[in-house]
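*Asks:* Here is a sequence with its predicted model. Questions after.
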Amino acid sequence: MKMTKLSVNINKIATLRNARGGDYPNVIQFAIDAERYGAEGITVHPRPDERHIKYDDTRALKEVVSTEFNIEGNPIPKFIDLVLEVKPHQVTLVPDAENAITSNAGWDTIKNKSFLSEVINEFKANGIRTSIFVDPVLNQIEGAKLTGTNRIELYTESYASLYKTNRVNAISSFTASAKLANELDLGINAGHDLSLENIAFFKANVPGLKEVSIGHALITESIYMGAEHVIKQYLEKLR
């Protein structure tokens, strides 16, 4: 079974820093340390109000991230300009409202086909791999293919919320979506509420899973167990 890459979302480190002002904990140093512990990518999700990761953080991270740099966000003009300036390895398009606490839905890739295609073409023309945040719904996977995106990122909140009560039902739509994505030659990423508890079962039942982006659970688990230990546990479960 192929290894799935772990990209560590460091938004929560920035949230903690911003709660007191100043520069502690330092998000740049945490990214460097996460890579040193074995993380194969760093993810940030700058929002317009910069309530956690700031746009300047994103620019600074570009200079130090030595693995894969992934920038997530709603492709409003300010975000598009940032991505084109920084030129990360990957951009993940997420349809979150400006006042959303966290991402809470995937794109309607059919309704937004024209808009998404235009944005994706611009990013791809600049050598940036693209991914679209989608729900595990087959016609939305088909719609994603028509936009020209390189990958999809499966929104995994429904899986995480049902995992403890019925993990077989929880995973079924994700397995079906992954099989279709593989047939359509779409790369598969995943993220949202994945944790040490549920990640191994997800990985085992989502064929072709290339990458997971994990932030909230990983940072919370690290408070109890230490970041290096937690990152190594994720890497072991993704093998």
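*Replies:* Thanks, I have it. Predicted, not measured: the structure shown is a model, and the values here were computed from it.

*Asks:* CA only for contacts and neighbour counts going forward, please
*Replies:* Will do.

*Asks:* just checking, next helix/strand downstream of the longest helix along the chain?
*Replies:* For the chain, the helix with the greatest residue count under DSSP state H is helix 167-183. As assigned by DSSP states H and E, the chain's next helix or strand after helix 167-183 is strand 187-191.

*Asks:* Remind me what that next one packs against, helices and strands.
*Replies:* Applying 3 or more CA pairs under 8 Å, 6 or more residues apart in numbering; DSSP states H and E, we find strand 187-191 packed against strand 151-155, helix 167-183, strand 209-214.

*Asks:* I'd like the average pLDDT over that strand.
*Replies:* Averaging pLDDT along strand 187-191 gives 98.

*Asks:* Direction included, what does it pair against?
*Replies:* If you go by DSSP bridges, strand 187-191 pairs up with strand 151-155 (parallel), strand 209-214 (parallel).

*Asks:* Extract the C-alpha set from the last one and format it as CSV.
*Replies:* Listed next in CSV are the C-alpha coordinates belonging to strand 209-214 (Å, rounded to 0.1, in the frame of the first residue of the first chain):
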residue,chain,number,x,y,z
LEU,A,209,-5.3,8.7,-1.3
LYS,A,210,-2.3,11.0,-2.0
GLU,A,211,-2.3,13.5,0.8
VAL,A,212,-4.1,14.4,4.0
SER,A,213,-4.1,17.9,5.6
ILE,A,214,-4.5,17.8,9.3
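
*Asks:* Could you tell me the angle between that strand and helix 167-183?
*Replies:* If you take axes from the mean of the first three to the mean of the last three CA atoms, to 10 degrees, strand 209-214 sits at 130 degrees to helix 167-183.

*Asks:* picking that back up, quick one, which of the helices and strands packed on strand 187-191 gets closest to residue 15.
*Replies:* Between residue 15 and the helices and strands packed on strand 187-191, the shortest separation by CA to CA is 15.3 Å, and it involves strand 209-214.

*Asks:* How far away from the center of its chain is the closest one?
*Replies:* 7 Å (CA atoms, centre = their mean, to the nearest Å).

*Asks:* What helices and strands are in contact with whichever helix or strand comes after it?
*Replies:* Counting by DSSP H and E, the next helix or strand C-terminal to strand 209-214 is helix 216-225. Where contact means 3+ CA pairs under 8 Å, 6+ apart, helix 216-225 is packed against helix 11-20, helix 227-237.

*Asks:* Try it again at 7 Å.
*Replies:* helix 227-237 (3 or more CA pairs under 7 Å, 6 or more residues apart in numbering; DSSP states H and E).

*Asks:* Quick one: list the elements packing against the helix it packs on.
*Replies:* Judged by 3+ CA pairs under 7 Å, 6+ apart, helix 227-237 is in contact with helix 216-225.

*Asks:* Please identify the buried residues of the helix it packs on?
*Replies:* The neighbour-count check on helix 216-225 (16 or more other CA atoms under 10 Å) flags 216-219, 221 as buried.

*Asks:* any chance of those residues in TSV, plus distance to residue 31 and pLDDT?
*Replies:* Shown next, in TSV, are the buried residues of helix 216-225 (distance: CA to CA, whole Å; pLDDT from 0 to 100):
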residue	distance to residue 31	pLDDT
216	15	94
217	16	96
218	13	96
219	12	95
221	17	96
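
*Asks:* Let me have the residues you listed in JSON lines, extended by distance to residue 56.
*Replies:* Below are these laid out as JSON lines (distance: CA to CA, whole Å):
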{"residue": "216", "distance to residue 56": "21"}
{"residue": "217", "distance to residue 56": "25"}
{"residue": "218", "distance to residue 56": "24"}
{"residue": "219", "distance to residue 56": "22"}
{"residue": "221", "distance to residue 56": "27"}
